[in-house]
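> I would like to see how this sequence folds:
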Amino acid sequence: MGIPEFKAVWLPLESAFYRVALYILEDAEDAADAVQDLYIRLWIARDRLDGVKQPKAYGLAMLRNLCLDRLRHAKVARSEPLNAVEFRIADDDSVLAARESIRAVEKAIARLPDNQQKVLRMRVFENMEYEDIASATGFSEGSLRVMLSAARKTLRKLLENEGY
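Numbering: from 1, shown residues only. Alright, predicted model coming up:
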């Protein structure tokens with residue numbers, strides 16, 4: 001798809017994309033950024049867009065995923081890293097139980113294969129985006145998602161076996 005076709009098909013949809021992003025994100029700047037990210041991704045994938053029968057639906061699906069990723073990232077960014085959590089619980093038993101839980105998670109993470117451990121730490125504790133992790137590790141984003149899914153599943157099993 002060339003520049004004229006791209007402009008004719010995708011640019012007229014910008015206001016519809018913006019309205020949806022604004023509805024999902026509830027912030028004008030974030031919505032504008034999400035739409036800009038969408039257009040960047042569309043432009044990068046322009047060679048594969050010729051087969052798209054419904055550009056608006058296709059673009060809205062991509063935009064929805066981008067917005068949800070932004071919301072997830074914002075939620076993670078607001079949370080504190082595991083080792084920075086300060087327990088303000090009056091009950092000493094609760095503090096000890098919480099510390100035991102953290103130790104159990106740390107031990108379970110240490111039992112993961114090195115690649116899964118490294119990728120999980122980058123994604124969860126360092127709040128890195130898939131693209132940045134892919135650049136740092138050399139794995140594709142798809143491989144990273146599979147690796148993280150496997151790591152989470154293994155962690156879940158290990159913690160269940162420990163009684164958590």
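> show me the contacts for His73.
In this structure, His73 makes contact with 127, 129, judged by Cβ atoms under 8 Å, 6 or more residues apart in numbering. Placement of C-beta: from N, CA and C, glycine included.
> so how many other residues sit close to the residue nearest to Asp37 when sequence neighbours are not counted?
The shortest distance from Asp37 to any non-neighbouring residue, by Cβ to Cβ, 6 or more residues apart in numbering, is to Leu66 (5.5 Å). Residues near Leu66, counting by other Cβ atoms under 10 Å, number 21.
> buried stuff in the strand or helix carrying Leu66?
Leu66 is part of helix 55-78 when elements are defined by DSSP states H and E. Judged by neighbour count (16 or more other Cβ atoms under 10 Å), helix 55-78 contains these buried residues: 58-60, 62-63, 66-67, 70.
> list just the nearest of these to Glu131.
Taking Cβ to Cβ as the measure, Glu131 lies nearest Leu66 of the buried residues of helix 55-78, at 12.5 Å.
> was I right about the closest one contacting Tyr39?
No - in this structure, Leu66 sits apart from Tyr39 without contact. The criterion is Cβ atoms under 8 Å, and the distance is 10.6 Å.
> quick one: low-confidence ranges for the chain?
The chain contains residues with pLDDT under 70 at 75-98, 164.
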